[in-house]
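> sequence first, predicted model second:
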Amino acid sequence: MSVIDARGLTKTYSISGAEVRALRGVSFSVSAGEYLAITGPSGCGKSTLLQLIGGLDQPTSGTVALMGTDLHALSDRLLTGLRLTSIGFVFQRFHLLPVLTALENVELPMAEAGRPKRERRARAGHLLEYVGLAGRAKHLATELSGGEMQRVAIARALANEPALILADEPTGELDQATGAQVLDLFDRLHADGATIVVVTHDDRLADRAIRRVRMVDGQVVADESRG
Ligand code: ADP
């Protein structure tokens, strides 16, 4: 079964009478263990596509199935629950809660999913170790560098053992050296079996992915795998 199966997705935004056709019929699927980069010029619909795949927005037409479940047929409550336990999101600007420590940020999705305190604390500690930040567990998010914040955000994305990691320009705010650490981490996640879909302008990141889907003007124009 595909992790993601998107069929005939369109998305039209209407702003004060004017229509923007952000997606014009996109279909593709992602299998378990794939590492896929979605690339293309600014405004071609990459982020819109990622939001639809992640159930953060509704398509104008078409369907998205996550592990066989049609996302847009779910109630808001069920969709929120499925997102929490099945998808790990990584954002360009990290979106950590500044008043929490690194450890507490990683614990948060597990708390929301109702996992017991002792278990989630232990798992958050292991995940910080996995991303190389065991020594920063008690630091507030605001006391971390950009690269460290993104690695905490990746640990947080892994918290509930998601079926899918979705990342939107994860190196967009980082310099080359810290960006490279994030790329290495994605490589390791892929080697450890994660399914990763990343939207990026960054050729270094797109080159590391095994499959590349290129978009132009709301459509997929190429879908290539290497190796
Ligand atoms: P990309 O991620 O490739 O830069 P986006 O998916 O962000 O592209 O945007 C695709 C098109 O949809 C652009 O023309 C953009 O201006 C428009 N768009 C994106 N989000 C919205 C929105 N919330 N409201 C109106 N237009 C939007």
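Done, it's in.

> what's around residue 35, how many residues?
If you count neighbours by other Cβ atoms under 10 Å, residue 35 ends up with 20. Glycine gets a C-beta too; all of them are placed from N, C-alpha and C.

> that should have said residue 84, apologies.
17.

> chain center to the helix or strand it falls within: distance?
If you go by DSSP states H and E, residue 84 is part of helix 76-86. Once both centres are worked out by Cα atoms, centre = their mean, to the nearest Å, helix 76-86 turns out to sit 15 Å from its chain's centre.

> contacts for the following helix or strand past it?
For helix 76-86, the succeeding helix or strand toward the C-terminus, using DSSP H and E, is strand 87-90. Residues outside strand 87-90 that contact it (Cβ atoms under 8 Å, 6 or more residues apart in numbering): 54-55, 66, 150, 153-154, 156-160, 162-168, 170.

> list the pairing partners of strand 87-90 within its sheet, with orientation.
strand 164-168 (parallel) (DSSP bridges).

> contacting residues around the partner strand?
3-4, 30, 47, 50, 53-54, 66, 86-92, 157-158, 186, 189, 194-200.

> on that earlier part again, just the ones of the contacts of strand 87-90 in helices?
150, 153-154, 156-157 (DSSP state H).

> check which helices and strands the helix or strand of the chain with the lowest mean pLDDT is in contact with.
Among the helical and strand segments of the chain, the one scoring lowest on mean pLDDT, DSSP states H and E is helix 203-208, with a mean of 90. Contacts defined by 3 or more Cβ pairs under 8 Å, 6 or more residues apart in numbering; DSSP states H and E place helix 203-208 against strand 35-39, helix 176-191.
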